[in-house]
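*Asks:* sequence and predicted structure are below.
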Amino acid sequence: MKRLILLAGLALAACNEDEAAAPPAPVDLTEQALSYFCQMNIAEHGGPKGQIHLEGHPAPLFFAQVRDMVAYLKSPERDAEITAVYVSNMSVAPSWDEPGISNWIAAEDATFVVGAPVAGGMGAPEIVPFATPKAADEFAAQYGGESASLETIPDAAALGPVDLTLALETPK
């Protein structure tokens, strides 16, 4: 009987470890969400958004632009270990100006368009996330740019200087 209780206890402990290892779910965007770097209200800015969950932090860090989120990911300085990263799925966004509040996808599963002359929420060139390579390719065919995974986004796309003389579009 003691052996059975011990085995049940070990199984329960293993189950709890699996639950603890599961990444946190994405959080819906609210009217109160502020962008991590500038502390501006995200709802006031169009284009795709990002959120990063940190170990030990109850709420995610929100980003008004995916470009800013990628810059954070590429930065060596962190407040805590990253447990999950989500981006707006622009494949199903109502519009560029309304990227959606709950259409989040895991950033590692997204296909991004890099180098398109489109303005993100803060006016800088944006890195645009899609759920499928096909959707990313269709966007790139219309607006320019190239498809990339999260790991292959060039540092310069997120960390490079912004050319303020560029004529950037706002996608429809």
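*Replies:* Nice, thanks for sending it over. Numbering: from 1, shown residues only.
*Asks:* hey, where'd the helices end up in this structure?
*Replies:* 2-21, 66-74, 133-143, 155-159 (DSSP state H).
*Asks:* so where is the protein shaky, pLDDT-wise?
*Replies:* The chain contains residues with pLDDT under 70 at 1-20, 164.
*Asks:* now do the strands in it.
*Replies:* With DSSP state E as the criterion, the chain has strands at 50-54, 61-63, 82-88, 104-106, 111-114, 128-130, 146-148.
*Asks:* only alpha carbons, please: show the first one as PDB.
*Replies:* In other words, strand 50-54. Extracted C-alpha coordinates of strand 50-54, given in PDB (Å, rounded to 0.1, in the frame of the first residue of the first chain):
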ATOM      1  CA  GLY A  50       3.700  41.800 -29.300                       C
ATOM      2  CA  GLN A  51       3.700  40.500 -25.700                       C
ATOM      3  CA  ILE A  52       6.500  38.900 -23.800                       C
ATOM      4  CA  HIS A  53       5.900  36.900 -20.600                       C
ATOM      5  CA  LEU A  54       8.600  36.900 -18.000                       C
END
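*Asks:* which helices and strands does that strand pack with?
*Replies:* The contact analysis (3 or more C-beta pairs under 8 Å, 6 or more residues apart in numbering; DSSP states H and E) places strand 50-54 against strand 61-63, helix 66-74, strand 82-88. C-betas here are computed from N, CA, C, even on glycine.
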